[in-house]
Structure formats: structure tokens, C-alpha cells
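Q: show me how the following folds:
(one chain, ligands or ions: 2)
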Amino acid sequence: MTAIGIFGAAGRMGQAIAAAAGEAGVAIAGGVDRDGRSGEIAPGMAIGSDAAALARTSDVLIDFSSPHALAANLDACVAARRPIVIGTTGLEAAHHALIDAAAQSIAVLQTGNTSLGVNLLAALVEDAARRLGDDWDIEIVEMHHRHKVDAPSGTALLLGEAAAKGRGIALSQAKVSGRDGITGARVAGSIGFAALRGGSVAGDHQVILATEGERIELGHRAESRAIFARGAIRAAQWLVGQPAGRYDMKAVLGL
Ligand SMILES: NC(=O)C1=CN([C@@H]2O[C@H](COP(=O)(O)OP(=O)(O)OC[C@H]3O[C@@H](n4cnc5c(N)ncnc54)[C@H](OP(=O)(O)O)[C@@H]3O)[C@@H](O)[C@H]2O)C=CC1
Ligand SMILES: O=C(O)C1=N[C@H](C(=O)O)C[C@H](O)C1
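A: Ligands and ions are numbered 1, 2, ... in the order given. From the prediction side, this is the model:
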């Protein structure tokens, strides 16, 4: 049976993955989190601080920790020749370069959202953006719990990438985030992002396509972290045995 190691094991997602694995009868090799958080978080899941040791004793790793931990986690997986699913968000260009480098020697799946619903939504957004002309403005609104530290969310960026792909442009050229003050009129062709934070919201995303006289709204609401946890486990099981390279959820879900 495939044994999964978890980076960020003591966190909200780490605990959700341990719970989902327990329900599905999936083996957890163990977890890693910050020094001082060692112990047993979920029944049977020991948590330590040695990423290299966890990689050696796991068949595949899942990372829901922090961008700051990414380099060490990737190094551990490359050294042990183990595949890794990266769900951590807030990644910048330098992190993506590290992922590309690791994907030369191991299988790496990186995604801003592991749920089926969001990945199907991304396909719908890409199709809508492709079919609608440039006179349709695209705005992405997301809301998350008060503890979230990055914005826009990884999912909002994933949806923005899908919209940009549909339009045949690069998101980096069109992204407008966090409007405030005298902003001037909306720049034609831009893709806007707005982030709300509060309470315990697991993750709400809405993509609004608006033109003169009409508006389309496509959205997704996560009702709990269980959907992310189940998707991450499914991705990890799929990734074992894949050749070195960089993957996303579309291949896992057959989208
Ligand atoms: N792709 C997807 O589908 C989803 C992605 N996410 C993303 O997953 C990540 C984790 O989310 P969540 O579980 O809510 O966050 P948490 O803060 O609850 O969990 C992260 C855990 O990783 C630990 N950690 C942080 N930095 C390090 C480090 N350098 N070394 C080792 N451990 C570290 C944290 O410790 P400490 O608390 O001490 O900082 C914490 O225990 C976020 O980036 C989030 O956006 C979340 C849900 C779904
Ligand atoms: O931090 C979270 O909680 C979530 N993060 C991911 C994101 O940034 O999109 C996925 C999900 O929305 C929950």
C-alpha cells in the first residue's frame, strides 16, 4: 500500500489529510512540521522535523506548509527520489523555478486547488474567456478564513491563469490586484482580483464576466477542507509511478 508523508502535518490541511486518509484506509508514513510541534497529531501519525528522513520512509509526499519550507522539502524529495504534491500557495517566481528544477528528476504536481469542483470551474472559465470577446471584463473575487496569509488565493490565480489562457494572453500582463484610491477607469483587457478575509470560510471563489448590459457569474464554494484533502490524496496516489516532470490536477481528474 502507498504510504504518504505530509509536510505541514500539524496545520489545518495536514490534519485534514490525516483524517481523510484514516477514513479511506490510506497509509500515512508520518509528518513533518516546525521544531517543537513534534508528537502524534492524528492516531498513528508521528510528527518530526526531519524532512529528509520522512522522504526516505514515504512513497510520496504531500506539502501543505509554507513557501518558506518549499526549498528544503523539494531537496528532501529529490535526494530520496520521491514524487511530491505541492498544495502550498503564495508561491512566487523563484519558487516556481525551484519546482521546475526538481521536476527534472522527480514527478512534481503543483496546484492552487486539489478539488474536482475548482478544476472543472477552471475549465469552464477558460472556455468562457475563449468564446467571449475582449469587451467582456473578467474579475475574480475570493473569500477565505481570517488565518489565511496570502492573497490573492492560489485558486484565484489558477482561475486567472485559466481566463488568460482562454484569451491567449499571459496573466502577468493582465493582472490587477487590490484596487484602492483614485485608480482611474478599468484598463481594457485586465483581469482583476479582490480578496476578502473573515471567520472560518474554507474557500469561496467567483469569476465574473461582465459586459455592457449583462454579466455571467461562475463560482465555487468549499464547504470544508475535506475536499482539498481527498483531492490531495488522490493526486498523491496518481503521482506514484509517473515519470519525472511537472503535473497539475487536470491529468489526475481526467479533465
Ligand atoms: N492547494 C489546495 O487545494 C489548498 C492549499 N492550501 C494551502 O496550504 C497551505 C497550508 O494551509 P493551512 O493548513 O491552512 O495552514 P496552516 O498554517 O494551518 O498549516 C501549515 C503548517 O506548516 C507549518 N510550517 C510553516 N512553515 C514551516 C516550515 N518552514 N517548516 C515546517 N513547517 C512549517 C506551520 O507551522 P506554524 O503554524 O508554526 O507556522 C503549520 O503547522 C497554505 O499555503 C494554503 O493556502 C490550503 C488548502 C487547500
Ligand atoms: O488557505 C486556504 O485555506 C486555502 N488555500 C488555497 C488557495 O489559496 O486557493 C485553496 C483553498 O481555497 C483554501
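Q: ok, and the closest non-adjacent residue to the residue most central in space within the chain?
A: Centroid check for the chain by CA atoms, centre = their mean gives Gly112 as the closest residue, at 2.0 Å. Spatial nearest neighbour of Gly112, excluding adjacent residues (CB to CB, 6 or more residues apart in numbering): Gly154 at 2.7 Å. All C-beta spots, glycine's among them, are computed from the backbone N, C-alpha and C.
Q: next, count neighbours for that neighbour.
A: Neighbourhood size, Gly154 [other CB atoms under 10 Å]: 20.
Q: does it really touch His95, like I thought?
A: No - taking CB atoms under 8 Å as the definition, Gly154 is not a contact partner of His95, at 11.3 Å.
Q: tell me who's in contact with Gly14.
A: Going by CB atoms under 8 Å, 6 or more residues apart in numbering, Gly14 touches Ile6, Phe7, Gly8, Gly31, Asp33, Ile41, Phe64, Ser65.
Q: tell me the pLDDT at it?
A: pLDDT, Gly14: 95.
Q: send the alpha carbons of the host helix or strand of it over as CSV?
A: If you go by DSSP states H and E, Gly14 is part of helix 12-24. The C-alpha trace of helix 12-24 is given here as CSV (Å, rounded to 0.1, in the frame of the first residue of the first chain):
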residue,chain,number,x,y,z
ARG,A,12,-5.2,22.7,9.3
MET,A,13,-4.6,20.9,6.0
GLY,A,14,-2.1,18.4,7.4
GLN,A,15,-4.7,17.4,10.0
ALA,A,16,-7.5,17.2,7.3
ILE,A,17,-5.3,14.9,5.2
ALA,A,18,-4.6,12.7,8.1
ALA,A,19,-8.3,12.5,8.8
ALA,A,20,-9.2,11.8,5.2
ALA,A,21,-6.5,9.1,5.0
GLY,A,22,-7.9,7.4,8.1
GLU,A,23,-11.4,7.4,6.7
ALA,A,24,-10.2,6.0,3.3
